[in-house]
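> Let's see this in three dimensions:
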Amino acid sequence: MKEEKFQFKLKGKTLLCIDWANVYGWQENLDWKISADKLIEYLLFYKKFLELISISAPTLRKNLKILLTHYRKKKKKINDFQL
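Sure, this is the predicted structure:
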């Protein structure tokens, strides 16, 4: 399967909420697995999403905390970010 180069076009700060139950359900229709780690890494490229990312699955929450800790060490402090 050919990988698409998709980019969001955002205007200002953007609230992103992910309902992992829906994402997980897409796998059956798409015929491929969605990697939580790759999804989070992809979303971290969009600095405007970092104001708030809400993820319901505990595994994703743990992975997101690890990635954000790493990101914070390398980049400026994210104002009032909370999981």
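
> tell me the pLDDT at Lys77?
The pLDDT attached to Lys77 in the predicted structure is 48.

> Quick check: which ranges of this structure have low pLDDT?
1-4, 14-15, 47-61, 63, 70-83 (pLDDT under 70).

> so where do the strands sit in it?
Applying DSSP state E to the chain gives strands spanning 16-18, 53-55.

> Now the first one: buried residues?
Of the residues in strand 16-18, 16, 18 count as buried by neighbour count, 16 or more other Cβ atoms under 10 Å. To be clear about C-beta, it is placed using only N, CA and C from the backbone, and glycine gets the same treatment.

> Direction included, what does that strand pair against?
Strand 16-18 has its sheet partners listed here by DSSP bridges as strand 53-55 (parallel).

> So which residues of the chain form helices?
Remark: helices of the chain, listed N- to C-terminal, are 20-30, 36-44, 58-74; assignment by DSSP state H.

> Looking at these, which is nearest to Lys13?
Shortest distance between Lys13 and these, using Cβ to Cβ, is found for helix 36-44: 14.2 Å.

> So which elements touch the closest one?
Applying 3 or more Cβ pairs under 8 Å, 6 or more residues apart in numbering; DSSP states H and E, one finds that helix 36-44 contacts helix 58-74.

> can you list the helices of the chain in a markdown table and add distance to Lys9?
Rendered in a markdown table, the data for the helices of the chain read as follows (distance: least, Cβ to Cβ, whole Å):
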| stretch | distance to Lys9 |
| --- | --- |
| helix 20-30 | 21 |
| helix 36-44 | 15 |
| helix 58-74 | 22 |
